[in-house]
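K.L.:
predicted coordinates and the sequence they were generated for:
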Amino acid sequence: MAGCTPVAEPAEDGAVAETTFPEKDIRLIIQANPGGGSDLSSRALATELEKVLGVSVIPENMPGASGALAMEYVAQQPADGYVIGFGPVEIAMLNTTQNANVLPENFDLIGQIMLAPGVISVGVDSPYKTLEDLIEASKDGAVTVANSGTGSIWEAATLGIAEETGAKFTPVAYDGGATAVSAAASGEAVAAVSGAGEAVAQAGAVRVLAVLNDEAYFNLPDVPTAEEAIGTELLYGGWGGIYAPAGLPDDVRAVLESAVADSVESDSYVEFQKKSGNLVVYRNAEEFTEFVNGQFDLYKTLLG
């Protein structure tokens with residue numbers, strides 16, 4: 001198995017050292033309750049990681065404080081690769097929204113594994129047919145935009161869209177993305193910013209105006225991206241990846257990074273994410289680290 005194959009690393013004296021990591025089970029800490037998107041994505045990946053690494057990868061739910069409890073816990077564990085975590089977009093937000101000790105430098109970021117792209121939608125009977133219509137209407141008076149709660153990715157996306165387009169949006173917090181979409185569907189709010197899957201689930205009740213991603217969404221093939229709709233690229237989504245305590249040995253980090261890459265490419269994992277309405281988006285450790293640092297700076301500006 002890949003994880004049991006010695007990995008050569010240069011030693012200080014020029015000799016070649018070898019690692020047989022992993023030699024025991026790995027714990028995968030999940031910051032959310034069982035059954036949600038983070039939990040299901042984590043468990044799907046764990047199944048594939050076990051095949052690659054040749055040891056059990058044991059999912060362990062540790063909800064609390066919007067994910068900060070789990071992330072702070074992982075950061076405090078020995079940096080030996082035997083405790084890793086699933087990090088959603090909140091890993092780049094919690095320091096700002098809750099003053100939590102959750103900072104990119106506290107972690108070794110191993111790789112991104114998925115993306116739930118954002119969308120902006122209105123009720124099916126709304127007079128606004130395009131994103132441009134909605135933005136123009138907002139300039140005559142603030143438009144209410146439902147989102148999944150104060151400090152959430154979709155509130156941040158609402159603020160970001162307004163800042164980048166000059167729209168006058170008033171974010172309105174609801175208990176989750178599905179509830180926010182329902183508010184737009186009923187006319188309780190003018191529009192909603194949510195995950196694409198949450199809007200698709202209410203397809204007959206809402207009109208999706210734009211996808212907040214750099215490419216079309218497979219379940220909404222006729223809906224333009226924001227760049228196609230208004231000429232401004234708007235990139236907001238519920239991404240997730242794997243992280244570990246900062247300071248992993250180079251050989252351990254290399255094994256984990258390779259295992260995550262192989263797992264994300266597996267047919268069963270790709271099929272799982274497609275059925276879940278998510279995109280399989282992989283970034284390696286270097287790319288993911290750069291991305292998370294950029295997201296941290298972005299949400300510090302939007303939510304700080």
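P.N.:
Received it, and whenever you're ready, just let me know what you need.
K.L.:
got the buried residues for the helix or strand where Ser263 lies?
P.N.:
Here Ser263, judged by DSSP states H and E, is contained in helix 250-264. Across helix 250-264, burial judged by 16 or more other C-beta atoms under 10 Å covers 251-264. Every C-beta, even on glycine, is put in place using the N, C-alpha and C of the backbone.
K.L.:
what's the closest of those residues to Gly118?
P.N.:
Val264 (21.0 Å; C-beta to C-beta).
K.L.:
for that closest one, which non-adjacent residue is closest in space?
P.N.:
Of all residues not flanking Val264 in the chain, Tyr282 sits nearest, at 4.7 Å (C-beta to C-beta, 6 or more residues apart in numbering).
K.L.:
can you name the residues that contact that neighbour?
P.N.:
The contact partners of Tyr282, by C-beta atoms under 8 Å, 6 or more residues apart in numbering, come to 111-113, 261, 264-265.
K.L.:
repeat for Pro127
P.N.:
Asp133.
K.L.:
do the same with Val206
P.N.:
Val206 sits in contact with 121-124, 181, 184-185, 192, 199, where contact means C-beta under 8 Å, 6+ apart.
K.L.:
return the member of these nearest to Ser138.
P.N.:
Nearest member of these to Ser138, counting by C-beta to C-beta, is Val122, at 11.8 Å.
K.L.:
just the CA atoms of the host helix or strand of that closest one, as CSV, please.
P.N.:
Assigned by DSSP H and E, Val122 falls within strand 107-123. Taking Å, rounded to 0.1, in the frame of the first residue of the first chain, the C-alpha atoms of strand 107-123 are listed here in CSV:
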residue,chain,number,x,y,z
PHE,A,107,-1.9,24.4,10.4
ASP,A,108,-0.2,22.4,7.7
LEU,A,109,-2.7,22.6,4.9
ILE,A,110,-2.6,19.3,3.0
GLY,A,111,-5.0,19.8,0.1
GLN,A,112,-8.4,21.1,-1.0
ILE,A,113,-10.9,18.3,-1.8
MET,A,114,-14.2,19.9,-2.8
LEU,A,115,-16.2,23.0,-3.6
ALA,A,116,-19.9,23.8,-3.2
PRO,A,117,-20.2,26.9,-5.5
GLY,A,118,-22.4,29.8,-4.6
VAL,A,119,-25.3,31.1,-6.5
ILE,A,120,-27.6,34.1,-6.3
SER,A,121,-31.3,33.5,-6.8
VAL,A,122,-34.7,35.2,-6.7
GLY,A,123,-38.2,33.9,-6.5
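K.L.:
give me the angle between it and helix 250-264.
P.N.:
30 degrees (axes from the mean of the first three to the mean of the last three C-alpha atoms, to 10 degrees).
K.L.:
pLDDT on strand 107-123, on average?
P.N.:
Taken as a whole, strand 107-123 has a mean pLDDT of 98.
K.L.:
contacts only, for the most centrally placed residue in the chain.
P.N.:
In the chain, the residue lying closest to the centroid (C-alpha atoms, centre = their mean) is Trp239, at 1.5 Å. Contact partners of Trp239, counting by C-beta under 8 Å, 6+ apart, are 88-89, 112, 114-116, 281.
K.L.:
confirm it sits in a strand?
P.N.:
Yes - under DSSP: H, G, I helix; E, B strand; the rest coil, Trp239 falls within a strand.
K.L.:
sorry, back to before: tell me the one of the contacts of Tyr282 nearest Thr232?
P.N.:
Closest to Thr232, out of all of the contacts of Tyr282 and judged by C-beta to C-beta, is Gln112, at 23.8 Å.
K.L.:
my guess is the closest one contacts Phe291, does it?
P.N.:
Yes - with contact defined as C-beta atoms under 8 Å, Gln112 reaches Phe291; the gap is 6.8 Å.
K.L.:
between those two, who's got more neighbours?
P.N.:
Gln112 (23 against 18; other C-beta atoms under 10 Å).
K.L.:
tell me the contacts of the more buried one?
P.N.:
Per C-beta under 8 Å, 6+ apart, neighbours of Gln112: 239-241, 281-283, 287-288, 291.
K.L.:
among the contacts of Val206, which pair sits farthest apart?
P.N.:
Val124 and Ala192, at 12.4 Å, using C-beta to C-beta across these.
K.L.:
please enumerate the shared neighbours of Gln112 and Phe291.
P.N.:
Shared contacts of Gln112 and Phe291, counting by C-beta under 8 Å, 6+ apart, come down to Arg283.
K.L.:
confidence score at Ala254?
P.N.:
98.
K.L.:
with Thr150 instead?
P.N.:
At Thr150, the model reports a pLDDT of 88.
K.L.:
ok, and the closest non-adjacent residue to it?
P.N.:
Ala173 is the one closest to Thr150 (C-beta to C-beta, 6+ apart), at 4.8 Å.
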